[in-house]
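Engineer: following is a predicted model, sequence given first.
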Amino acid sequence: MINQSNLIAKESTTKENRIWIRISAACNEKCLFCLDSQAQDGKLIDEDIVKKQIRDGFRPWYTNRVILSWWEATINPKFPEYIAYAKSLGYDRIQTVTNGNMFAIPKFCDKVISLWLQEVTFSLHGHTAQLHDHLTATPWSFHKALKWLIYLRKYHPHVIINIDIVVNKVNVDFLPKIVSFYMKLWIKEFDILQIIPFGRGFAQYKDQLFYNISEHIGALHDTWKLSTLPWVYMWTNRFPAEAFEWFEDLIQDPRKIKSETMGESIEMFDPFIRSQWRKKPECFGDACDVCFLKQYCHEFIASVDSISVPMINPFIIWSDDIQKIDTHNYVVLRWEEFPSEVYKKYGTTPQNFLEFIQNMELKGHQKLVNIPPCIRSKNNSVLYEDYNNLKKEYCVEDYTSNYIKNLYRKKSISCKKCKFNDTCKGIHINFIRAYGFEILHPIE
């Protein structure tokens with residue numbers, strides 16, 4: 001059952017202006033899964049650069065959040081100063097992501113809280129010292145973490161505390177116990193992150209850390225069940241959508257792909273897109289099978305590497321006003337940006353959506369594009385847009401935008417039994433998030 005209230009509640013957070021600021025290229029832990037280990041040089045980011053990024057990131061008339069992070073921000077001696085600086089500029093929320101070692105020092109903890117640090121995300125990857133310390137490769141890191149957690153809870157109860165967990169082969173089967181353990185310490189918000197194939201985690205510990213999700217789906221589903229508790233707020237990152245069948249409201253917002261591909265990674269993805277895949281990303285190869293961006297990359301390759309059959313008549317976008325639908329052959333059903341917009345337009349239940357699509361009136365020989373035949377059998381040509389249908393210019397901004405809006409589609413696991421499986425590409429991810437995989441059913 002889709003938790004619609006949680007799904008819609010998350011919209012306000014995703015609409016924030018969030019600025020991530022890196023202030024340190026060093027860390028006081030050596031996590032086995034660290035994705036940025038190759039970029040750590042032990043240096044601190046120049047003060048002028050940091051303050052400029054904080055200034056430039058602020059947007060008037062928005063809800064502004066600055067997050068001091070990347071590697072270990074708290075070891076930068078100017079960490080308290082940057083908190084005060086962000087407050088002086090008017091940021092609504094100041095947050096950090098940390099391993100918590102520095103917070104075990106009461107004097108440090110009291111100071112940064114007094115300067116207006118309002119939210120702390122602590123990275124904790126186990127519920128025992130044996131598990132957590134093994135993954136961080138840092139003895140006593142678990143005991144230090146518990147110390148700051150208890151201290152903050154006791155002396156600074158107004159501070160928002162949440163926990164992120166990097167899920168890997170070592171801790172995946174313990175994940176329900178890990179989340180339950182911190183719930184008992186009255187942690188309400190969790191960010192569950194799938195390990196990704198970068199840094200020392202993939203280069204040095206690939207066999208120890210990477211796992212087949214289907215083999216551990218039971219542990220993951222037991223974890224997702226905890227998100228249904230009324231006081232729990234759970235986010236997920238970098239998991240494939242298929243991991244959330246029956247828990248689709250936990251699927252990551254598709255717009256997050258923009259920050260993944262157009263942030264610091266743009267130097268890797270931009271040459272790939274501009275070269276029409278001839279210059280592949282450095283990570284291309286073995287990493288693809290365990291990367292959540294595999295579909296993003298490989299569908300682009302398939303699009304530009306195949307002969308595209310042009311449509312005789314242009315696409316048109318379906319409109320609420322039936323009078324605006326003209327006599328073009330193809331009517332395109334595209335995404336809605338937020339779940340609340342999906343519900344407003346198509347109804348709040350899967351049955352509402354299916355009935356709406358079935359009852360759409362098309363003119364003449366029009367056919368509906370981007371909708372699987374199991375959802376609308378009549379007037380359905382099983383046609384799908386690809387990148388070549390959308391635009392001929394190749395750049396990472398264009399492709400990423402088109403992918404999120406039009407090309408990011410998914411199918412249910414049960415779709416493998418469907419006679420249309422080889423030609424059907426599923427339906428846009430935001431319809432899956434809003435109504436669940438249950439709107440898809442195999443035609444045998």
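Structural biologist: Done, it's in.

Engineer: C-alpha from now on. contacts and neighbour counts both.
Structural biologist: Will do.

Engineer: assign the residue nearest to Gly347 when sequence neighbours are not counted to helix, strand or coil.
Structural biologist: Closest residue to Gly347 apart from its sequence neighbours, by CA to CA, 6 or more residues apart in numbering: Phe353 at 6.0 Å. Secondary structure state of Phe353, per DSSP: H, G, I helix; E, B strand; the rest coil, is helix.

Engineer: swap in Tyr384?
Structural biologist: coil.

Engineer: what's the neighbour count on it?
Structural biologist: Per other CA atoms under 10 Å, the neighbour tally for Tyr384 reads 19.

Engineer: before we move on, what about Val170?
Structural biologist: Val170 has 18 neighbouring residues, counting by other CA under 10 Å.

Engineer: on the three-state scheme, it is what?
Structural biologist: At Val170, secondary structure determined by three-state DSSP is coil.

Engineer: what's the pLDDT at it?
Structural biologist: As predicted, Val170 sits at a pLDDT of 98.

Engineer: how far away is it from Thr74?
Structural biologist: The spacing between Val170 and Thr74, counted by CA to CA, to the nearest Å, is 27 Å.

Engineer: contact partners for Thr400?
Structural biologist: Applying CA atoms under 8 Å, 6 or more residues apart in numbering to Thr400 gives the contacts 257-258, 261.

Engineer: which helix or strand contains it?
Structural biologist: Element membership for Thr400, per DSSP states H and E: helix 396-402.

Engineer: where does the stretch 1-150 of the chain dip in pLDDT?
Structural biologist: For the stretch 1-150 of the chain, applying pLDDT under 70 flags the ranges 1, 37-42.

Engineer: and this structure, what are its domains?
Structural biologist: 4-252, 311-391+414-439 (automatic domain parsing).

Engineer: I'd like those laid out as TSV, including distance to Ser265.
Structural biologist: Shown next, in TSV, are these (distance: least, CA to CA, whole Å):
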stretch	distance to Ser265
domain 4-252	12
domain 311-391+414-439	21
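
Engineer: neighbours of His441, how many?
Structural biologist: As a burial measure, His441 scores 19 neighbours (other CA under 10 Å).

Engineer: ditto for Tyr85
Structural biologist: Counted with other CA under 10 Å, Tyr85 comes out at 16.

Engineer: can you check Ile375 too?
Structural biologist: Ile375: 18 surrounding residues under other CA under 10 Å.

Engineer: then Lys52?
Structural biologist: Lys52 has 10 neighbouring residues, counting by other CA under 10 Å.

Engineer: same check, this time on Lys177
Structural biologist: Lys177: 17 surrounding residues under other CA under 10 Å.

Engineer: pretty sure it sits in a helix.
Structural biologist: Yes - assessed with three-state DSSP, Lys177 lies in a helix.

Engineer: verify the stated contact: it with His125.
Structural biologist: No - Lys177 is beyond contact range of His125, at 11.1 Å (criterion: CA atoms under 8 Å).

Engineer: for the stretch 301-444 of the chain, what spans make up the helices?
Structural biologist: Remark: helices assigned in the stretch 301-444 of the chain by DSSP state H, counting those that start in this stretch are 339-346, 350-358, 387-390, 396-402, 429-435.

Engineer: if you compare the ones you listed, which one is most tucked away?
Structural biologist: Of all those, helix 429-435 has the most neighbours on average by mean count of other CA atoms under 10 Å, namely a mean of 26.

Engineer: and it, how far out from the chain middle?
Structural biologist: Mean-position distance between helix 429-435 and its chain equals 14 Å (CA atoms, centre = their mean, to the nearest Å).

Engineer: pLDDT of it, averaged?
Structural biologist: Mean pLDDT, helix 429-435: 94.

Engineer: ok so, going back, could I get the pLDDT score of the residue nearest to Gly347?
Structural biologist: pLDDT, Phe353: 95.

Engineer: before we move on, what about Ile322?
Structural biologist: pLDDT, Ile322: 39.

Engineer: equivalent analysis for Met262, please.
Structural biologist: On the pLDDT scale, Met262 gets 83.

Engineer: and it, what does it touch?
Structural biologist: Going by CA under 8 Å, 6+ apart, Met262 touches 269, 396-397.

Engineer: show me the contact partners of the helix ranked longest in the chain.
Structural biologist: Assignment by DSSP state H gives helix 141-155 as the longest helix of the chain. Helix 141-155 is touched from outside by 99-101, 103-106, 124, 128-129, 132-133, 159, with contacts defined as CA under 8 Å, 6+ apart.

Engineer: quick one: which of those sit in strands?
Structural biologist: Within the contacts of helix 141-155, no residue falls in strands by DSSP state E.

Engineer: now, of the residues you listed, which are buried?
Structural biologist: Buried subset of these (neighbour count, 16 or more other CA atoms under 10 Å): 99-101, 103-104, 124, 129, 132-133.

Engineer: of the residues you listed, closest to His298?
Structural biologist: Leu124 (33.0 Å; CA to CA).

Engineer: distance-wise, check the closest one relative to Ala104.
Structural biologist: Using CA to CA, Leu124 is found at 14 Å from Ala104.

Engineer: of all the helices of the stretch 301-444 of the chain, which one comes closest to Lys15?
Structural biologist: Closest among these, once you apply CA to CA, is helix 339-346, at 12.7 Å.

Engineer: give me the mean pLDDT for the closest one.
Structural biologist: Averaged across helix 339-346, the pLDDT comes to 91.

Engineer: just checking, what packs against that helix?
Structural biologist: Other elements packing on helix 339-346 under the criterion 3 or more CA pairs under 8 Å, 6 or more residues apart in numbering; DSSP states H and E are helix 4-14, helix 350-358, helix 429-435.

Engineer: which one, of those, ends up nearest to Gln194?
Structural biologist: The closest of the helices and strands packed on helix 339-346 to Gln194 is helix 429-435. By CA to CA, the value is 18.5 Å.

Engineer: against which helices or strands is that closest one packed?
Structural biologist: Looks like helix 429-435 contacts helix 339-346, strand 409-410 (3+ CA pairs under 8 Å, 6+ apart).
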